[in-house]
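S.K.: no FASTA, just this:
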């Protein structure tokens, strides 16, 4: 009899999820502590995700999550450690941010890890992009910003979360769609980029809704446009780029991965814990308060998401590179 591996994995994950729901303090096979590598400074999108997710998953698995911040190279330092230097027993995972997980090595041959060296566990959030400026910025609309960029080619400073990150690629896509050019300013994560915009150190930060939502709500940042297909519920008065004639939809997805080769039991337990979040009303309400768009994709499906993004951004980078030559 031929065994359907994906079906078997799904059944095991569902069974483990049921077991976890019956016993919140399930005994996680890899031990009582799980190290979570974060490739960016505290306060950015990865940290926002960790603060939301880990109390709930910790309760499901009966473990302590210990965050380790390793900023630099747009996450590549942390992901290289995950792929090549971490224990393969399920005791070390990392928040994996896409598309930068792939664009790092697509753009830079010196970065040697790749998605085949990881065990995809779960995507949790897909966070639309957003353009934000200081509360006293002269730009009150996305039209104001684009007009300034037209008047001063290459001089309007746009902050991003790092070379090769989603915000960096968003800038390239907007330049392509409008024929404009910006001065790209990289930071070690979304948090520092937003802070720089708040302090008028840069003209605008291309960021993510979940990262800057509280600062927009408090009035410290002005939102000019979101980079989503439709307006987001948490910021209903903020237009999309598409409404303004710029056909760009972009953002960042964030989830969790482990090194390749972890035991099946540890993988299944982790996947089941994240699957359980789909029906955890307290978790979903908490996410809504933080304006985080929950998009839970687990196991093999998350791996397929990796592969699809890798192919997509290889094409984008090849096109951009060809035009720069």
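M.R.: Looks like it arrived, so ask away. What you are looking at is a predicted structure, and each value in this text was computed from that prediction instead of being measured. Residues are numbered from 1 along each chain as shown.
S.K.: was I right to think residue 43 contacts residue 191?
M.R.: Yes: using CB atoms under 8 Å, residue 43 is in contact with residue 191, at 3.2 Å. All C-beta atoms are positioned from the backbone trio N, CA, C, and that covers glycine.
S.K.: of these two, who's got more company?
M.R.: With neighbours defined as other CB atoms under 10 Å, residue 43 and residue 191 compare such that residue 191 has more, 22 against 16.
S.K.: contacts only, for that one.
M.R.: Under the criterion of CB atoms under 8 Å, 6 or more residues apart in numbering, the neighbours of residue 191 are 40-45, 47, 211.
S.K.: dump these into CSV; add pLDDT and distance to residue 151 as well.
M.R.: Listed next are the contacts of residue 191 as CSV, based on pLDDT from 0 to 100; distance: CB to CB, whole Å:
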residue, pLDDT, distance to residue 151
40, 92, 33
41, 90, 34
42, 91, 37
43, 86, 33
44, 85, 31
45, 87, 32
47, 94, 37
211, 90, 29
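S.K.: in JSON lines: these, plus secondary structure and distance to residue 55.
M.R.: Formatted as JSON lines, the contacts of residue 191 follow (DSSP: H, G, I helix; E, B strand; the rest coil; distance: CB to CB, whole Å):
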{"residue": "40", "secondary structure": "coil", "distance to residue 55": "20"}
{"residue": "41", "secondary structure": "coil", "distance to residue 55": "21"}
{"residue": "42", "secondary structure": "coil", "distance to residue 55": "17"}
{"residue": "43", "secondary structure": "coil", "distance to residue 55": "18"}
{"residue": "44", "secondary structure": "coil", "distance to residue 55": "19"}
{"residue": "45", "secondary structure": "helix", "distance to residue 55": "18"}
{"residue": "47", "secondary structure": "helix", "distance to residue 55": "14"}
{"residue": "211", "secondary structure": "helix", "distance to residue 55": "19"}
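S.K.: nearest to residue 273, out of these: which one, please.
M.R.: Among the contacts of residue 191, residue 47 lies closest to residue 273 (CB to CB), at 19.8 Å.
S.K.: number of residues surrounding the residue lying closest to the closest one once chain neighbours are set aside?
M.R.: Distances taken as CB to CB, 6 or more residues apart in numbering place residue 38 nearest to residue 47, at 6.5 Å, with adjacent residues excluded. If you count neighbours by other CB under 10 Å, residue 38 ends up with 23.
S.K.: residue 38 pairs with what?
M.R.: Legend: beta-bridge partners of residue 38 under DSSP bridges are residue 69.
S.K.: distance between the ends of stretch 285-300?
M.R.: By CA to CA, to the nearest Å, the extent of stretch 285-300 from end to end equals 27 Å.
S.K.: for that stretch, what is the average pLDDT?
M.R.: Mean pLDDT, stretch 285-300: 95.
S.K.: show me the longest helix that occurs in the protein.
M.R.: helix 299-324 (DSSP state H).
S.K.: how about it: buried residues?
M.R.: 299, 302-303, 305-306, 309-310, 313, 316-317 (16 or more other CB atoms under 10 Å).
S.K.: do the same with stretch 214-230
M.R.: Buried residues in stretch 214-230 (16+ other CB under 10 Å): 215-216, 220-228.
S.K.: from the chain's centroid, how far away is that stretch?
M.R.: 17 Å (CA atoms, centre = their mean, to the nearest Å).
S.K.: now do the strands in this structure.
M.R.: Ranges of strands in the chain, per DSSP state E, are 33-38, 64-69, 92-98, 118-134, 157-160, 183-186, 204-208, 221-226, 251-259, 294-298.
S.K.: packing partners for the third one?
M.R.: Helices and strands in packing contact with strand 92-98 are listed as strand 33-38, helix 45-61, helix 76-84, strand 118-134, strand 251-259, helix 299-324; criterion 3 or more CB pairs under 8 Å, 6 or more residues apart in numbering; DSSP states H and E.
S.K.: can you list the ones you listed in CSV and add distance to residue 68?
M.R.: Output for these, formatted as CSV (distance: least, CB to CB, whole Å):
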stretch, distance to residue 68
strand 33-38, 5
helix 45-61, 11
helix 76-84, 8
strand 118-134, 17
strand 251-259, 14
helix 299-324, 22
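S.K.: quick one: closest of these to residue 276.
M.R.: Taking these one by one with CB to CB, helix 45-61 is closest: 5.7 Å.
S.K.: any idea of the angle that closest one forms with helix 76-84?
M.R.: Orientation check (axes from the mean of the first three to the mean of the last three CA atoms, to 10 degrees): helix 45-61 against helix 76-84 gives 40 degrees.
S.K.: in helix 45-61, which residues are buried?
M.R.: Quick answer for helix 45-61 (16+ other CB under 10 Å): 45-50, 52-54, 56-61.
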